[in-house]
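Enquirer: build the 3D model from these lines:
(chains A and B)
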There are 2 protein chains.
Amino acid sequence: MSLFEGAIFRVERRDGRDVVVHRPAVAIVAVDREEHIVLVRQHRVPAGGPVLELPAGLIDPNETPLETAHRELAEETGLHGGEWTEMATFFTSPGFTDEKLHLFLATGLDQGEASPQEDEEPEVVRVPLAEIPSLLDGCDDGKTLVGLLFLARYRDL
Amino acid sequence: MSLFEGAIFRVERRDGRDVVVHRPAVAIVAVDREEHIVLVRQHRVPAGGPVLELPAGLIDPNETPLETAHRELAEETGLHGGEWTEMATFFTSPGFTDEKLHLFLATGLDQGEASPQEDEEPEVVRVPLAEIPSLLDGCDDGKTLVGLLFLARYRDL
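Expert: Numbering: from 1, shown residues only, chains lettered A, B, ... in the order given. From the prediction side, this is the model:
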């Protein structure tokens, strides 16, 4: 039973609970050839202000998660190439939504030209990997914390 | 403008976007006196199956996040006492919801009697801290990944 139908999610009643049915998403821990992590800062209406985040986006119906990750990273930052592996896949908030996030690690990325969508104006932020411990302190986005913490663990930062 | 009104969230139109307005929540990285982390496994309707998670719950209107954390941990696991600190506060998925999660670390906890709510039947799972690296592999909940990764970082696991 559908209770609300929107552009990126709908609300359904399942087993007596209201569930936000949401398209799955990807996020990328993007490390370029100069060993910087590349993040984006953008205004998020639900957050009421700017949020510093991993590059991310929704999976189109005809895409694999990896295809989406390549496309979104190139659109938002211009980065391409490199070595890709899957880091984790998790529910963002399984108490009320089925949204699943596929997290990728991409390293050795080459710089190119960004091509943001009209409704996106992300500011690209490059940070040396050595500064990840201080990034962790101010981070207020769940998927970005997961990505930064996994990277810090892999690289002993 | 409210588009949908449910028990734990509503949907509003803000700046041309559909936003899930959700009560803030807490989660607890709970370590008992025997140096086990205490997790709960419960069926999550949105996930379509059981999810192994940090003890967690929604903040009541008259509570501080820390009060909620003490109450939820005692209800779900019986654990109480110990030393408490705040680990992080973050948006669970700021692209579509304002839900904010307050993450606490509680150590040296004493065992007591759980008193789960009628609609909750969590299975309590105690895991030695040394097994956290293998827990990370199978974890599919965002807040739990953040908590386990921070704990692994603090304790050099």
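Enquirer: in chain A, which spans are strands?
Expert: Ranges of strands in chain A, per DSSP state E, are A:2-5, A:9-14, A:17-22, A:25-32, A:36-44, A:49-53, A:56-58, A:83-91, A:100-109, A:123-128.
Enquirer: would you format those strands as JSON lines with distance to chain B, mean pLDDT and mean neighbour count included?
Expert: Bear in mind the C-beta positions are built from the backbone N, C-alpha and C, glycine included. Below are the strands of chain A laid out as JSON lines (distance: least, C-beta to the nearest C-beta, whole Å; pLDDT from 0 to 100; neighbours: other C-beta atoms under 10 Å in any protein chain shown):
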{"stretch": "strand A:2-5", "distance to chain B": "4", "mean pLDDT": "94", "mean neighbour count": "14"}
{"stretch": "strand A:9-14", "distance to chain B": "5", "mean pLDDT": "97", "mean neighbour count": "18"}
{"stretch": "strand A:17-22", "distance to chain B": "4", "mean pLDDT": "97", "mean neighbour count": "22"}
{"stretch": "strand A:25-32", "distance to chain B": "8", "mean pLDDT": "98", "mean neighbour count": "24"}
{"stretch": "strand A:36-44", "distance to chain B": "4", "mean pLDDT": "97", "mean neighbour count": "19"}
{"stretch": "strand A:49-53", "distance to chain B": "5", "mean pLDDT": "98", "mean neighbour count": "17"}
{"stretch": "strand A:56-58", "distance to chain B": "8", "mean pLDDT": "97", "mean neighbour count": "21"}
{"stretch": "strand A:83-91", "distance to chain B": "5", "mean pLDDT": "98", "mean neighbour count": "17"}
{"stretch": "strand A:100-109", "distance to chain B": "7", "mean pLDDT": "98", "mean neighbour count": "21"}
{"stretch": "strand A:123-128", "distance to chain B": "15", "mean pLDDT": "97", "mean neighbour count": "13"}
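Enquirer: how many neighbours does residue A:135 have?
Expert: Using other C-beta atoms under 10 Å in any protein chain shown, the number of residues around residue A:135 comes to 19.
Enquirer: was I right about it contacting residue A:148?
Expert: Yes: the pair residue A:135 / residue A:148 is scored as a contact, 6.0 Å apart, by C-beta atoms under 8 Å.
Enquirer: touching both of the two, which residues are there?
Expert: residue A:37 (C-beta atoms under 8 Å, 6 or more residues apart in numbering or on different chains).
Enquirer: report the contact partners of the nearest residue to residue A:29 once chain neighbours are set aside.
Expert: Leaving aside its sequence neighbours, residue A:29 sits nearest to residue A:147 (C-beta to C-beta, 6 or more residues apart in numbering or on different chains; 4.2 Å). If a contact means C-beta under 8 Å, 6+ apart, then residue A:147 has A:27-29, A:54, A:87, A:103, A:105 as its contacts.
Enquirer: again with residue A:49
Expert: residue A:43.
Enquirer: for beta bridges, what are the partners of it?
Expert: Here residue A:49 shows beta-bridge partners residue A:44, assigned using DSSP bridges.
Enquirer: any idea how far it is from residue B:2?
Expert: Computed with C-beta to C-beta, to the nearest Å, the distance linking residue A:49 and residue B:2 is 22 Å.
Enquirer: next: residue A:76.
Expert: Counting by C-beta to C-beta - residue A:76 and residue B:2 are separated by 32 Å.
Enquirer: swap in residue A:59?
Expert: Distance from residue A:59 to residue B:2, by C-beta to C-beta: 29 Å.
Enquirer: ok, now residue A:88?
Expert: For residue A:88 relative to residue B:2 (C-beta to C-beta), the value is 35 Å.
Enquirer: can you count the residues close to residue A:77?
Expert: Neighbour count of residue A:77, defined by other C-beta under 10 Å: 26.
Enquirer: find me the pLDDT at it, would you?
Expert: Here, the pLDDT recorded for residue A:77 equals 96.
Enquirer: contacts only, for it.
Expert: A:30, A:38, A:40, A:55, A:114, A:124.
Enquirer: now with 6 Å, please.
Expert: For residue A:77, the contact set (C-beta atoms under 6 Å, 6 or more residues apart in numbering or on different chains) comprises A:38, A:55, A:114, A:124.
Enquirer: Throw those into CSV and include distance to residue B:10, thanks.
Expert: Below are the contacts of residue A:77 laid out as CSV (distance: C-beta to C-beta, whole Å):
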residue, distance to residue B:10
A:38, 35
A:55, 30
A:114, 35
A:124, 34
